[in-house]
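J.: Got a sequence here, can you model it:
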Amino acid sequence: MSYDLLQTGPEKSPLVKLLDIPFDDRRRRYLIFHPRNLPDRLRLASTTTTAAFEALGSSRFYVSQDQRILAKVVPDKYRKQRQPLKWMYRDYLEKRLLMQSDARKEFLSRRILRHAGLRVPDCYGWGISFNPANRNPSLLLMEQLHNARVGGEVFDELDEDGRQRFLEHFCQEVVQLAHAGYVHRDLHYNNLMVDDQGHLNWIDAHVRPLPRRTDERWPAIQASLTASKLRGEAYRSLAECRIGELWAGKPAE
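T.: Down below sits the predicted model:
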């Protein structure tokens with residue numbers, strides 16, 4: 001069930017929507033900001049696809065009944081019963097009351113990526129739960145990509161020539177984002193989905209600004225490249241070399 005709280009424009013589209021969402025067998029209530037094309041009733045459930053996403057990180061994932069919406073849920077960092085002061089300060093005051101939730105940050109980062117010309121799934125809004133009994137307060141509603149696979153799986157199945165082409169495309173987009181003034185906070189292939197046309201889609205969108213000082217920007221880009229996330233030192237070194245060339249102005253091949 002949904003309730004439109006604030007409306008604007010000639011068609012009075014809601015700015016905020018209160019959704020009472022069933023997650024599998026449990027119902028939770030979220031305040032949804034920037035809702036877009038959301039149904040009045042939204043039911044979310046776990047699937048084998050969401051289980052595969054969850055195996056790659058700490059977030060929980062659900063899909064809508066019509067398979068159109070993928071929901072990303074981020075739990076509290078601390079347990080209220082074990083670390084009440086840390087939970088109160090970080091998970092309730094900062095994340096909920098001050099609206100510094102992971103979903104809001106990722107929603108804003110997706111705008112930055114799209115403005116930089118990179119592909120990101122459509123976003124249908126971000127939400128927050130103020131209920132202290134709900135350990136999953138952060139909710140991001142995005143497009144469920146079909147006919148697409150996780151970038152790490154695609155990379156692992158490629159031969160060496162294919163990996164070089166993948167890495168070239170990856171490096172071009174890292175530099176494209178850098179020219180827009182940002183670097184990704186968690187740069188690895190599993191934060192990408194590769195569609196059936198070979199396009200990279202950024203499904204984890206957390207970015208941070210590059211330093212204002214020109215001489216500090218390249219070190220910040222270098223620091224985002226790690227061997228553990230790029231399938232070994234050899235590929236990290238290749239990525240650093242190619243990104244350095246592109247950053248210096250050598251045209252893409």
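
J.: Specify the beta-bridge partners of residue 202.
T.: As for beta bridges, residue 202 partners with residue 192 under DSSP bridges.

J.: ok now stretch 78-88, how far from the chain's centre?
T.: Centre-to-centre, stretch 78-88 and its host chain are 26 Å apart (Cα atoms, centre = their mean, to the nearest Å).

J.: ok, longest helix in the protein?
T.: Assignment by DSSP state H gives helix 160-179 as the longest helix of the chain.

J.: Any chance you could list what contacts that one?
T.: The contact list for helix 160-179 (Cβ atoms under 8 Å, 6 or more residues apart in numbering) reads 113, 116-118, 151, 154-155, 158, 183-184, 187, 189, 192, 198, 200, 202, 207, 210, 217, 221, 224, 235, 238-239, 242-243, 246-247, 252-253. Glycine gets a C-beta too; all of them are placed from N, C-alpha and C.

J.: Show me which of those are buried.
T.: 113, 116, 118, 151, 154-155, 183-184, 187, 189, 192, 200, 202, 207, 210, 217, 221, 224, 235, 238-239, 242-243, 246-247 (16 or more other Cβ atoms under 10 Å).

J.: Sort out for me which of the contacts of helix 160-179 are in helices.
T.: Among the contacts of helix 160-179, the ones falling in helices (DSSP H) are 113, 151, 154-155, 217, 221, 235, 238-239, 242-243, 246-247.

J.: In three-state terms, label residue 110 for me.
T.: Of the three states, residue 110 takes helix under DSSP: H, G, I helix; E, B strand; the rest coil.
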